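*Asks:* I would like the atomic coordinates for the input below:
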Amino acid sequence: MATHVFLDLDGTLTDPKIGITNSIRYSMAKMDSPLPKSLDLDWTIGPSLWYSFKELGLGANDTEKAISYYRERYTDIGLFENHVYEGIPKALQMLKENNVSMYLMTSKPHNYAKKITAHFNLSKFLTYEFGSELNGKNTDKGDLLKEALNHFKLQPEDTIMVGDRKFDIIGANKNSIKTIAVLWGYGSVDELEKEKPNFFVKTPNNLAKTIIEMNN
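*Replies:* The predicted structure is shown next:
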């Protein structure tokens, strides 16, 4: 039975688009590489900042500087330019009532993530909140999930990873963890299908039901 559920944050529990994309635009402008207003940055929601800035053409040294600029804005403003997806609190409450233990599993630094979950009253549902370090350690979901399994001495067959991007599915597959790909976030169906998740869920209203039915 999958009685332990790992939950991605950005694009799964909350929609952080405004805060993340505006902070990336701010950072690139400070780097004298302003981005066109028409450039779609939705793909930056989910992966680590190191990945996103590399994809935007920055080298390793410039990426470190760009991340420091990003955090200038994100820490003060962007963090709460965010909202919880409709239906998520109800889904988490239902899982809690069915004795499912939930853990945050995000590539975002845990010190930011914990402020977000506390602000939006989500932390009360979570047994533990896993996130990366500010220096980039554990931005890979595979590494982070491995740490979580070891920390709580969990067996992969007792767990599920829920996320909206391929990084969530890839990381779970590395650890033999079952996966649910959600379709209300920022990963396309094509992106997710390539990684072969065990289940797809279209709306938050169906999330708890899917997990509970997996255990029956």
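
*Asks:* how is this protein divided into domains?
*Replies:* Following automatic domain parsing, the chain resolves into domains at 4-15+82-214, 17-80.

*Asks:* which residues of this protein score low on pLDDT?
*Replies:* 216 (pLDDT under 70).

*Asks:* can you pull out the helices in it?
*Replies:* Ranges of helices within the chain are 17-30, 49-55, 60-76, 88-97, 110-119, 141-152, 166-174, 189-193, 207-214, based on DSSP state H.

*Asks:* if we can go back for a sec, looking at the domains of the chain, which is buried most?
*Replies:* domain 4-15+82-214 (a mean of 19; mean count of other Cβ atoms under 10 Å). (Glycine included, C-beta is placed from N, CA and C.)

*Asks:* distance between the ends of it?
*Replies:* End-to-end distance for domain 4-15+82-214: 12 Å, by Cα to Cα, to the nearest Å.

*Asks:* what about that domain, distance to the chain center?
*Replies:* 7 Å (Cα atoms, centre = their mean, to the nearest Å).

*Asks:* one step back: can you tell me which of the helices of the chain is nearest to F125?
*Replies:* Proximity to F125 (Cβ to Cβ) singles out helix 88-97 among the helices of the chain, at 4.2 Å.

*Asks:* that closest one relative to helix 207-214, how many degrees between them?
*Replies:* Put simply, helix 88-97 runs at 30 degrees to helix 207-214, going by axes from the mean of the first three to the mean of the last three Cα atoms, to 10 degrees.
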